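J.: next comes the sequence, and after it the predicted model I'd like to discuss.
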Number of protein chains: 2
Amino acid sequence: MKTVVWETLSENQQEAILERPAVSDSQAISDAVSEVIRQVRTEADEAIKALTLKFDNVPLTSIAVKEEEIDQAVTRLGPEIKKALQQAYNNIACFHRAQKPSPVKVETMPGVYCELLTRPIERVGLYIPGGSAPLPSTVLMLAVPSQIAGCRKVVLCSPPPIADEILYVARLCGITEVYNVGGAQAVAAMAYGTETVSKVDKIFGPGNAYVTEAKQQVSNDHKGAAIDMPAGPSEVLVIADTHANPEFVAADLLSQAEHGPDSQVVLLTPCMAMAEKVSAAVAEQLNHLSRADIARQALGSSVIIIAEDLEECVEISNRYGPEHLIVQTDFPSELLPLLDNAGSIFLGAWSPESVGDYASGTNHVLPTYGYTRTYSSLGLADFSKRMTVQKLTPKGLESLAPTVEAMANAEGLDAHRNAVTIRVKALEAERKRKEEG
Amino acid sequence: MKTVVWETLSENQQEAILERPAVSDSQAISDAVSEVIRQVRTEADEAIKALTLKFDNVPLTSIAVKEEEIDQAVTRLGPEIKKALQQAYNNIACFHRAQKPSPVKVETMPGVYCELLTRPIERVGLYIPGGSAPLPSTVLMLAVPSQIAGCRKVVLCSPPPIADEILYVARLCGITEVYNVGGAQAVAAMAYGTETVSKVDKIFGPGNAYVTEAKQQVSNDHKGAAIDMPAGPSEVLVIADTHANPEFVAADLLSQAEHGPDSQVVLLTPCMAMAEKVSAAVAEQLNHLSRADIARQALGSSVIIIAEDLEECVEISNRYGPEHLIVQTDFPSELLPLLDNAGSIFLGAWSPESVGDYASGTNHVLPTYGYTRTYSSLGLADFSKRMTVQKLTPKGLESLAPTVEAMANAEGLDAHRNAVTIRVKALEAERKRKEEG
């Protein structure tokens, strides 16, 4: 890992150190994805079967996964992983249930009642990537909040063959619509619907460059579907002081580095000796990892920054805005009020990133690539939408009328003013009628 | 207004009736906007001055509006509109303050603490369109929540000359950075920053096709800025039963129709007589409007739908998903639990849309064009982001370890497992040391 001393860098060098690598915007991928989407929109189920044969080398007899197949997966799965997934489910459910918003209802003026209602998004689609190992944790992170939010239709797509762990979690979360389809064709199927796959309103989940591009394209089409958040390579930033355990810090850096060659790994410390100890521990631990090659590539572009003090560490972290932020200092909670622009924060020696990746209860779908400045950790809110409601009494309308009339006049909108004036006149007429009667 | 009886329509006809008109995706606009963005990114302030001369015909001496100019605007403005804007400010502040989220902190397992933190987005940009009449109400809708959320930098751009009403509201809301710049160049300046205009993280506000396209483009660039929500023509849908006042309903339809020729106006009623009365009232009221020509164009593509009963009205409304939904029925609150997919709902005879447009307290920036299915009414949440935090005690980590280890094994991620295992071993070693000592 490259080590730099922050104060010796020019402003341009500092900026370059915190710069994310450009994610290539490939025209070839964009064109290939457009073609897949076109094909799914015109040939629907037929296209799914053809594309699955082409890309996944699987001849599908059924696009939908049958109930019995899920039953069988549940039976096949070993008790240890089942127990683990159940415990993770419980913790994630606990934390996401706690996110249910309190009711918002106020009387802004006498007789003027305003309310904020939260409603589930009706139909959501969850995309679970395939690959060398199954990702049941991602199913939990997407399905649990959809279930708690009360989404009526939850669709899960994953490239075949779908692992038992994924089917087990789908069952845990009450998902009945599971489809054997991956890649851009899965995103297209959920965005537009086919004979078999239900159309959804919003699509969630990670994926490769094709899936990411497909999500982008369907979200730019108002007949397509909304998406969870922009994608980018995964990242960790660790702030460590002299009291940190270098073995722990090294293990955390490596658990990020093993994700992929493009993973971003940053260590911030005011202590040069700590930097050296962590470097040595990283080198040692690397020898025992099955994914050492991947981790080594990621570490090639990673950096250790020596800062003046913890305050400067916080400043640099806020400027970088990491997806995962691990704080291994003597009093980590004291730094919390100063920390901003992070997806998820891990406080203290006993809170490694992997607890959040799997089972502490927080969501592992997080903004990355600098999007922490404006995007949120995935949560219950992303499976819901907020509508406002207002109800005025006759008295409320009369008190508010002069305000609305003056503003409508200022904006030159007669009909806006008239919608109020006509009602006020009706109230006056009725009052007069009553007085006379 | 065209009248149709829902049950006599084929399914395709029903779908066509609820279809929004296509918003043309003009390559010319897209290219022109790309060029403006390129110019602002390379020539910064110089570009702003050149483009403002070109598009607004104003030779700028200063891009920034000076404090004294705001002072003068405040002095010039009449007391009636000031009082109205102040009242609207109070109501909007009251409703948006009520949206502050309650703290979310739970212990998901003994020793595993998870927290959801809400933090303001640091730098936001508010775009206020120019045009024939000033839009101080839009300043309120964007600036009040930014102030309550605690955004540290709030930048307002509007094409010169900026109306006194807008400067007055900027002052009310504590905005000190106001710039004489409109159109795509304003969006580009806020997204990337210039010598004078501060770069922001997220851009809010309505605008013409160029502004909308510029927002889209900068939001697709990760060095640009996030945006509030996708744009579309404004809409109202009114559900009226036999008890509704046709004059009120007509006034509400017209207050939407006067917005622009592309405004969408729909009346849903189970009562043919009501449809006729409303039609007649619309024709009569049209004669007295200064913007009758605009309203007439909008009404040309509007529709009255005769439904079987109120239940079917609700069904159709949920399917259409209007930006504004006005319910003028005998017991409007009884329908509320059934209503979904709306931006803002107006209940009962005394709640015209114009109260929400200006001053009831709700926000008038709402999803439209069918985006109500997944997007929310603008609110405090849009000026904030949510981060998660976890802190585990040694005991918490030990209880969670088997779960994380089993899941990391299932996903083939050694280093993830190791970050937990190395800590558990350290705890065991320490315990042993203590027992032996």
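T.: Received the coordinates, thanks. Predicted, not measured: the structure shown is a model, and the values here were computed from it.

J.: distance of residue A:99 relative to residue A:344?
T.: 14 Å (C-beta to C-beta, to the nearest Å). C-betas here are computed from N, CA, C, even on glycine.

J.: what's around residue A:56, how many residues?
T.: Neighbour count for residue A:56, taken as other C-beta atoms under 10 Å in any protein chain shown: 18.

J.: need the pLDDT of it.
T.: If you check residue A:56, the pLDDT there is 94.

J.: residue A:160 is in contact with that one, correct?
T.: Yes. At 6.1 Å, residue A:56 and residue A:160 qualify as touching, with contact defined as C-beta atoms under 8 Å.

J.: please enumerate the shared neighbours of the two.
T.: Counting by C-beta atoms under 8 Å, 6 or more residues apart in numbering or on different chains, the shared contacts of residue A:56 and residue A:160 are A:130, A:182.

J.: still on that earlier bit, neighbour-wise, which of residue A:99 and residue A:344 wins?
T.: Using other C-beta under 10 Å as the criterion, residue A:99 and residue A:344 rank with residue A:344 on top: 26 against 20.

J.: quickly list what the more buried one is bridged to.
T.: Residue A:344 has these beta-bridge partners by DSSP bridges: residue A:324, residue B:388.

J.: distance check, it against residue A:244.
T.: Taking C-beta to C-beta, one finds residue A:344 at 19 Å from residue A:244.

J.: any idea where the strands of the stretch 251-400 of chain A begin and end?
T.: A:264-269, A:303-306, A:324-328, A:344-347, A:384-392 (DSSP state E, counting those that start in this stretch).

J.: angle of the last one against strand B:324-328?
T.: It refers to strand A:384-392. 40 degrees (axes from the mean of the first three to the mean of the last three C-alpha atoms, to 10 degrees).

J.: cool, and the first one?
T.: Between the direction of strand A:264-269 and that of strand B:324-328, the angle (the same axes, to 10 degrees) works out to 90 degrees.

J.: quick one: is strand A:264-269 near chain B?
T.: No. Taking C-beta under 8 Å from any C-beta of the partner chain as the criterion, strand A:264-269 and chain B are apart, separated by no less than 11.2 Å.

J.: what residue ranges in the stretch 151-300 of chain A are flagged as low confidence?
T.: Across the stretch 151-300 of chain A, no stretch falls below the confidence threshold (pLDDT under 70).

J.: name the residues of the stretch 201-350 of chain A found near chain B, please.
T.: Counting by C-beta under 8 Å from any C-beta, the stretch 201-350 of chain A sits next to chain B at A:201-202, A:216, A:220, A:222, A:225-226, A:230, A:232, A:245, A:247-248, A:251-252, A:254-255, A:257-259, A:285, A:288-291, A:295, A:332-333, A:336, A:340-350.

J.: from those residues, which would you call buried?
T.: Burial by neighbour count, judged by 16 or more other C-beta atoms under 10 Å in any protein chain shown, picks out A:201-202, A:216, A:225-226, A:230, A:232, A:245, A:247-248, A:251-252, A:254-255, A:257-259, A:285, A:289, A:291, A:295, A:332, A:336, A:340-350 from those.

J.: let's see which of those residues end up in helices.
T.: Among those, the ones falling in helices (DSSP state H) are A:216, A:247, A:248, A:251, A:252, A:254, A:255, A:257, A:285, A:295, A:332.

J.: widest-spaced pair of those residues?
T.: Farthest apart among those by C-beta to C-beta are A:216 and A:247. That separation is 40.5 Å.

J.: what sits against the closest residue in space to residue A:262 that isn't next to it in sequence?
T.: Leaving aside its sequence neighbours, residue A:262 sits nearest to residue A:233 (C-beta to C-beta, 6 or more residues apart in numbering or on different chains; 4.1 Å). When contacts are counted by C-beta under 8 Å, 6+ apart, residue A:233 touches A:20, A:21, A:23, A:260, A:262, A:263, A:264, A:368, A:369.

J.: in terms of secondary structure, what does the lengthiest helix in chain A contact?
T.: Criterion DSSP H: the longest helix present in chain A is helix A:27-56. Under the contact definition 3 or more C-beta pairs under 8 Å, 6 or more residues apart in numbering or on different chains; DSSP states H and E, helix A:27-56 sits against helix A:183-192, helix A:209-219.

J.: quick check: residue A:217 touching residue A:33?
T.: Yes. Contact status for residue A:217 versus residue A:33: in contact at 6.0 Å, counting by C-beta under 8 Å.

J.: who has more neighbours, the two?
T.: Ranked by neighbour count (other C-beta under 10 Å), residue A:217 and residue A:33 place residue A:33 first, with 26 against 20.

J.: my guess is the more buried one contacts residue A:210, does it?
T.: Yes. Counting by C-beta under 8 Å, residue A:210 is a contact partner of residue A:33 at 5.8 Å.

J.: if I look at the closest residue to residue A:242 other than its chain neighbours, how far off is residue B:288?
T.: The shortest distance from residue A:242 to any residue other than its chain neighbours is 4.6 Å, reached at residue A:271 (C-beta to C-beta, 6+ apart). Residue A:271 is 76 Å from residue B:288, where distance means C-beta to C-beta.
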